[in-house]
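# structure for this input, please:
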Amino acid sequence: MRNRQGGRARALVVGILLAGSTGAALAGDHPGGAAAHHWGYEGAEGPNQWGSLGFPACSTGKSQSPIDLQPATEEAAEPIPFDYKPAPVSVVNNGHTIQFTMPGTSSITLGGKKFTLAQFHFHSGSEHTLKGRAFPMEVHLVHKAEDGELAVVGVFLTTGEGNSGGAGGAANATLDTVFGALPGKAGLTLTSEATIDPAALLPAERTYYKYKGSLTTPPCSEGVNWFVMATPMTISTRQLLHYTSVFMNNARPPQPLNGRTLSLAK
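Numbers count the residues shown, from 1 in each chain. Next up, the predicted model:
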């Protein structure tokens, strides 16, 4: 992505959201997030304090996300039917992540119910862990049904051996486009004239973990359907450093499973 500045024709139009409108339009990193109280990832505003900052579910909820993905019950399951289409996106730094809002043309169908891809965003490092292992980054593709129910697909991103169609540490071409211009300040929005194919953010191997959880950001609302791909995608060190130059740490630590069912769908 490129910037349009001084009237020169480039791929992105840069605009600053008016103070006070940022929270209303993009409250949190997932649909249903909240911005009534300031929160963050460190110190007195960090994850351990979210409950006392006005988001009680973050500390009292019993079905919180993320989690460590072990142990899991293996089960035979149909692949997730992804119906993803390339589309333009708008990009915003909402103060907690870089969020890419989709126009509603991509979806998944679960149990006969359609969930439209609303947005995707990134965390550094990964929020979920795999048998205790954290990855450099994680992308969350957030889907919403007409009744408001959420389904989030998580994909680990690693600079080691992965499954992006290239050698370990190879750059992901779509992420080159996605990370080509990251708004470095909260409230900065970029509107893309280029198209992004969200399917390029998925590994070729679609085995996944599934469980019932929550938003990983305040207000930590529960009832979210989680599907985390078992195989990571590969990115380059350059791409990782590009994102972490804006957000070095925006990951909530894993939460207790509390007896929930965690399945590995093959």
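# wait, isn't Asp83 in contact with Gly104?
No: contact between Asp83 and Gly104 fails when scored by C-beta atoms under 8 Å: they sit 11.9 Å apart. C-beta here means a position set from N, CA and C on the backbone, and glycine is covered the same way.
# so where is the stretch 51-200 of the chain shaky, pLDDT-wise?
For the stretch 51-200 of the chain, applying pLDDT under 70 flags the ranges 160-170, 181, 191-193.
# once you drop chain neighbours, what's closest to Glu42?
Asn249 (7.2 Å; C-beta to C-beta, 6 or more residues apart in numbering).
# name the SS class of that neighbour, please.
coil (DSSP: H, G, I helix; E, B strand; the rest coil).
# show the pLDDT at it.
Note on Asn249: pLDDT of 93.
# residues near it, how many?
Asn249: 12 surrounding residues under other C-beta atoms under 10 Å.
# next, it: phi, psi?
With angles defined as degrees, to the nearest 10, Asn249 sits at phi -150, psi 110.
# wait, it sits on Gly125?
Yes: applying C-beta under 8 Å as the test, Asn249 and Gly125 come out as touching, 7.4 Å apart.
# spit out the contact partners of the residue nearest to Glu42.
41-42, 124-125 (C-beta atoms under 8 Å, 6 or more residues apart in numbering).
# which one of these is nearest Pro198?
Within these, distances to Pro198 taken as C-beta to C-beta reach their minimum at Ser124, with 19.2 Å.
# quick check: the closest one vs Gly111, distance?
33 Å (C-beta to C-beta, to the nearest Å).
# which one of those two is surrounded by more residues?
Ser124 (20 against 5).
# the more buried one pairs with what?
The bridge-partner assignment for Ser124, based on DSSP bridges, gives Met137.
# my guess is Val91 meets Thr97, correct?
No: using C-beta under 8 Å, Val91 makes no contact with Thr97, being 10.9 Å away.
# ok, which stretches of this structure are strands?
Secondary structure of the chain (DSSP state E): strands located at 12-16, 73-75, 82-83, 90-93, 98-101, 107-110, 113-124, 137-144, 150-158, 188-192, 208-214, 222-229, 233-234, 263-265.
# what strands flank the third one, and is each parallel or antiparallel?
Translated: strand 82-83. strand 107-110 (antiparallel).
# and the strand it pairs with, which residues are buried?
Within strand 107-110, the residues scored as buried using 16 or more other C-beta atoms under 10 Å are 107-108, 110.
# what do you get for stretch 207-221?
208-211, 213-221.
# chain center to it, what's the gap?
Distance, stretch centre to chain centre, for stretch 207-221: 11 Å (C-alpha atoms, centre = their mean, to the nearest Å).
# just the C-alphas of that stretch, formatted as PDB.
Extracted C-alpha coordinates of stretch 207-221, given in PDB (Å, rounded to 0.1, in the frame of the first residue of the first chain):
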ATOM      1  CA  THR A 207      -6.700 -28.500  10.600                       C
ATOM      2  CA  TYR A 208      -8.000 -26.400  13.400                       C
ATOM      3  CA  TYR A 209      -8.600 -26.200  17.100                       C
ATOM      4  CA  LYS A 210     -12.100 -25.100  18.200                       C
ATOM      5  CA  TYR A 211     -13.600 -24.000  21.500                       C
ATOM      6  CA  LYS A 212     -16.000 -21.500  23.100                       C
ATOM      7  CA  GLY A 213     -14.300 -18.400  24.400                       C
ATOM      8  CA  SER A 214     -14.400 -14.600  24.500                       C
ATOM      9  CA  LEU A 215     -13.200 -11.500  23.000                       C
ATOM     10  CA  THR A 216      -9.500 -11.100  23.900                       C
ATOM     11  CA  THR A 217      -9.900  -7.400  24.500                       C
ATOM     12  CA  PRO A 218     -12.200  -5.500  26.900                       C
ATOM     13  CA  PRO A 219     -15.100  -6.000  27.500                       C
ATOM     14  CA  CYS A 220     -14.000  -9.700  27.200                       C
ATOM     15  CA  SER A 221     -17.600 -10.700  26.200                       C
END
